[in-house]
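# I'll drop the sequence and a predicted model, then ask my questions.
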Amino acid sequence: MQYKRIRDLREDADMKQTDTAKMLHCSQQVYSNYELGQRDIPTDILIALAEIYKTNVDYILGLTDAKTYYKKLR
């Protein structure tokens, strides 16, 4: 399910795969593999995706339907 969610989040943000890949410091092909479910998404990438799309990791993983963004406190 996370694969469909990251694609939907990207499209809702009007971003291309290449845009997101650049933000994640990976190739477009690697990012495409995440969206297609052909490659597991590493934890650090999940966290970065949640920050990019202003949501939470649980939403991306399909554990909740609440998109609440929890900004990291420093």
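Yep, it's here. Residues are numbered from 1 along each chain as shown.
# Going by C-alpha atoms from here, please, whenever you check contacts or count neighbours.
Fine.
# Quick check, central residue of this structure?
residue 49 (3.5 Å; Cα atoms, centre = their mean).
# separation between it and residue 26?
The span separating residue 49 from residue 26 equals 12 Å under the rule Cα to Cα, to the nearest Å.
# Equivalent analysis for residue 69, please.
For residue 69, the distance to residue 26 - Cα to Cα - is 24 Å.
# Next: residue 66.
To residue 26, residue 66 is 28 Å away according to Cα to Cα.
# now do residue 67
25 Å.
# what's the answer for residue 59, then?
From residue 59 across to residue 26, the span is 22 Å (Cα to Cα).
# So these two - more neighbours on which side?
A count of neighbours by other Cα atoms under 10 Å puts residue 59 above the other of residue 59 and residue 26, at 19 against 13.
# Which neighbouring elements make contact with the helix or strand containing the more buried one?
Secondary structure assignment for residue 59, by DSSP states H and E: helix 57-61. Other elements packing on helix 57-61 under the criterion 3 or more Cα pairs under 8 Å, 6 or more residues apart in numbering; DSSP states H and E are helix 2-12, helix 43-52.
# May I see those organised as TSV, with mean pLDDT and distance to residue 33 added?
Putting the helices and strands packed on helix 57-61 into TSV (pLDDT from 0 to 100; distance: least, Cα to Cα, whole Å) gives the following:
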stretch	mean pLDDT	distance to residue 33
helix 2-12	92	9
helix 43-52	95	13
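# any chance of these in CSV, with distance to residue 35 too?
CSV is the format used below for the helices and strands packed on helix 57-61 (distance: least, Cα to Cα, whole Å):
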stretch, distance to residue 35
helix 2-12, 5
helix 43-52, 12
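# and of those, who's closest to residue 34?
For residue 34, the closest of the helices and strands packed on helix 57-61 is helix 2-12, at 6.4 Å, according to Cα to Cα.
# hmm, who's touching the helix or strand that comes right after that closest one?
The helix or strand immediately downstream of helix 2-12 is helix 17-24, counting by DSSP H and E. The set of residues external to helix 17-24 that reach it, using Cα atoms under 8 Å, 6 or more residues apart in numbering, is 10, 27-28, 30-32, 45, 48.
# Between helix 43-52 and helix 17-24, find me the angle.
Going by axes from the mean of the first three to the mean of the last three Cα atoms, to 10 degrees, helix 17-24 is angled at 110 degrees with respect to helix 43-52.
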